[in-house]
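**Q** Below: sequence and its predicted model.
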Amino acid sequence: MPDHLGRHAVVIGGSIAGMTAARVLADYFGQVTVLERDLVELQPVVHKSVPQGNHLHALMLGGQQVLSALYPDFTDRLVKLGAVRFRFGIEAAFFFPAGKAYTPSGSVRSPRDLGVDGFSQSRGLLEHCVRQCSMEVANIKFEFGAAAESMIYENGQVGGVRFNRGGVADSIAADLVVDAGGRGSRAPRWLREMGFAEPEETVIGCDFAYTSAKFRKPPSYDGVERVMLFGGPPPKYTSGAGIGEIENDSWMVSVAGRFGDYPPSDEEGFMAFAKALPTHKFYNLIKDAERISPITHHRFPTSVLRHYERLPAFPERFVVLGDAISSFNPVYGQGMSSAAKQAAALQGLLAERAAGAHGDGLKRLAAAFFPRAAEVVASPWILAAGADFAYPQTTGERPPSMDEGGRYFAALDTLVVEDVNVHRLVTEVFQLARPLADLMSDPLRTRVLARMAERAEK
């Protein structure tokens with residue numbers, strides 16, 4: 001039986017982070033209960049506690065790999081539900097004032113097969129697929145409409161959760177509680193109530209907003225691209241857009257802007273914003289397309305990283321993961337995959353603890369987990385921060401050695417143009433399938449440093 005570490009685990013939050021955490025816990029606990037505050041419909045819909053859910057989303061390769069490992073035939077099931085498979089380097093493209101490209105910098109101008117597939121779908125369909133897979137696991141139970149209120153805590157240890165369902169107070173005992181409650185996690189408040197310090201925060205003021213709607217894919221569209229991004233190089237251009245082909249022959253269409261250059265939420269303003277983008281390609285694609293959903297708007301002022309790994313003390317039998325640790329600028333599409341990879345890090349730790357010969361496998365679990373979660377988060381955080389700080393209006397703590405890093409990546413980009421294997425590696429790193437350190441390791445590092453020296457001599 002899957003009770004090597006305890007009889008019952010509780011997960012707060014039923015989004016991607018919570019569901020992947022529950023699936024991991026199901027191998028080590030007799031029963032796993034997911035407390036989800038929304039009343040969830042068992043179909044592909046966006047729920048009110050996911051304010052960004054109606055916008056363009058990406059399941060990165062790293063997240064795809066975790067979900068495929070946790071759920072057999074995951075990508076096949078995703079496609080059967082309607083997700084659109086696309087090929088990096090061919091069917092995903094960037095459109096800039098200078099024309100079409102296959103790298104975010106615009107350096108690779110011709111298609112090349114990188115041997116990497118992605119999947120495009122609405123957030124609602126993706127969560128529905130993961131939820132279906134999770135509900136098929138015999139010892140995972142969902143409690144919908146159940147909002148966590150506080151921890152049951154005694155003698156330094158969390159023993160369960162108090163929650164509210166339909167105005168009725170209730171509680172549930174647990175051997176382990178995992179908070180996957182998202183950006184609005186109450187964990188800092190709960191820690192204070194239990195007598196612990198709140199985590200330090202690193203905050204980046206990215207001041208980003210986007211407006212989105214679904215359009216029917218025009219019958220006249222004959223392009224090979226399934227995912228298209230539009231814009232111009234920073235810091236000159238603060239606006240951009242994206243189109244992702246999703247289920248039901250539809251396009252998820254998002255326009256975005258920063259620092260006051262926010263896209264309007266009315267149809268006339270939406271189209272005017274689209275027409276004013278750095279490339280006319282986007283407007284020409286959607287101007288005659290049929291809009292089939294309401295227009296929605298979401299503003300994201302700051303990215304937040306909570307440093308749980310720095311806390312000197314933490315309650316036993318309680319951990320935090322997902323957006324509750326790191327909430328990224330959504331323009332880079334990292335959040336769901338980062339959360340899934342944090343769940344995979346928890347899985348590795350639990351496997352080690354379950355294999356232990358004796359002792360309490362849950363003792364000081366948080367102290368062991370948070371450094372691993374921080375390691376997972378480091379790559380996407382640095383990549384996102386580097387892109388955000390390309391704009392001088394961005395506020396907050398800049399990663400160290402950013403200028404030197406910028407020169408390194410500029411030299412690396414010239415190798416991407418020349419070498420498809422380097423292009424594939426960079427894509428895998430930016431897709432969170434490999435760590436950022438892989439771009440700084442030999443033999444690639446030696447090649448990049450040599451190219452930097454050549455560029456400095458010119």
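**A** Okay, I see it.
**Q** Need the residue closest to the centroid of this structure.
**A** Taking CA atoms, centre = their mean, the centroid of the chain lies closest to residue 335, which sits 1.6 Å from it.
**Q** Quick one: residues contacting that residue.
**A** If you count contacts by CB atoms under 8 Å, 6 or more residues apart in numbering, residue 335 has them with 322-323, 327-328. For every residue, glycine as well, the C-beta is placed using N, CA and C.
**Q** Surely residue 35 forms part of a strand?
**A** Yes - following the definition DSSP: H, G, I helix; E, B strand; the rest coil, residue 35 is counted among the residues of a strand.
**Q** Can you read off the pLDDT for it?
**A** Model confidence at residue 35, expressed as pLDDT, equals 98.
**Q** Residue 47 now?
**A** What the model reports for residue 47 is a pLDDT of 62.
**Q** Could you list the low-confidence segments of the stretch 301-450 of the chain?
**A** In the prediction, the stretch 301-450 of the chain carries residues with pLDDT under 70 at positions 357-358.
**Q** can we see that at 80?
**A** Low-confidence segments of the stretch 301-450 of the chain, defined by pLDDT under 80, span residues 357-359.
**Q** Show me the helices in it, by range?
**A** Secondary structure of the stretch 301-450 of the chain (DSSP state H, counting those that start in this stretch): helices at 335-354, 365-388, 402-418, 420-430, 444-457.
**Q** Kindly present those as JSON lines, with separate columns for distance to residue 68.
**A** As requested, the helices of the stretch 301-450 of the chain are arranged in JSON lines below (distance: least, CB to CB, whole Å):
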{"stretch": "helix 335-354", "distance to residue 68": "10"}
{"stretch": "helix 365-388", "distance to residue 68": "17"}
{"stretch": "helix 402-418", "distance to residue 68": "27"}
{"stretch": "helix 420-430", "distance to residue 68": "15"}
{"stretch": "helix 444-457", "distance to residue 68": "27"}
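**Q** just those: most buried one?
**A** Comparing the helices of the stretch 301-450 of the chain by mean neighbour count (mean count of other CB atoms under 10 Å), helix 335-354 comes out on top with a mean of 23.
**Q** Report the angle between that one and helix 365-388.
**A** Between the axis of helix 335-354 and that of helix 365-388 there is an angle of 160 degrees, by axes from the mean of the first three to the mean of the last three CA atoms, to 10 degrees.
**Q** Could I get the CA-only coordinates of helix 335-354 as CSV?
**A** What follows is helix 335-354 as a C-alpha-only set of coordinates in CSV (Å, rounded to 0.1, in the frame of the first residue of the first chain):
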residue,chain,number,x,y,z
GLY,A,335,4.5,29.0,-14.0
MET,A,336,2.8,25.7,-14.6
SER,A,337,6.0,23.9,-15.7
SER,A,338,7.9,25.4,-12.7
ALA,A,339,5.2,24.1,-10.4
ALA,A,340,5.2,20.6,-12.0
LYS,A,341,9.0,20.5,-11.6
GLN,A,342,8.8,21.5,-7.9
ALA,A,343,6.3,18.6,-7.5
ALA,A,344,8.9,16.3,-9.1
ALA,A,345,11.5,17.6,-6.7
LEU,A,346,9.2,16.7,-3.8
GLN,A,347,8.7,13.3,-5.4
GLY,A,348,12.5,12.7,-5.4
LEU,A,349,12.8,13.7,-1.8
LEU,A,350,9.8,11.5,-0.7
ALA,A,351,11.4,8.5,-2.5
GLU,A,352,14.6,9.0,-0.5
ARG,A,353,12.7,9.3,2.7
ALA,A,354,10.5,6.2,2.0
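**Q** just to revisit the earlier point, neighbour-wise, which of the contacts of residue 335 leads?
**A** In terms of neighbours by other CB atoms under 10 Å, these top out with residue 322 at 29 neighbours.
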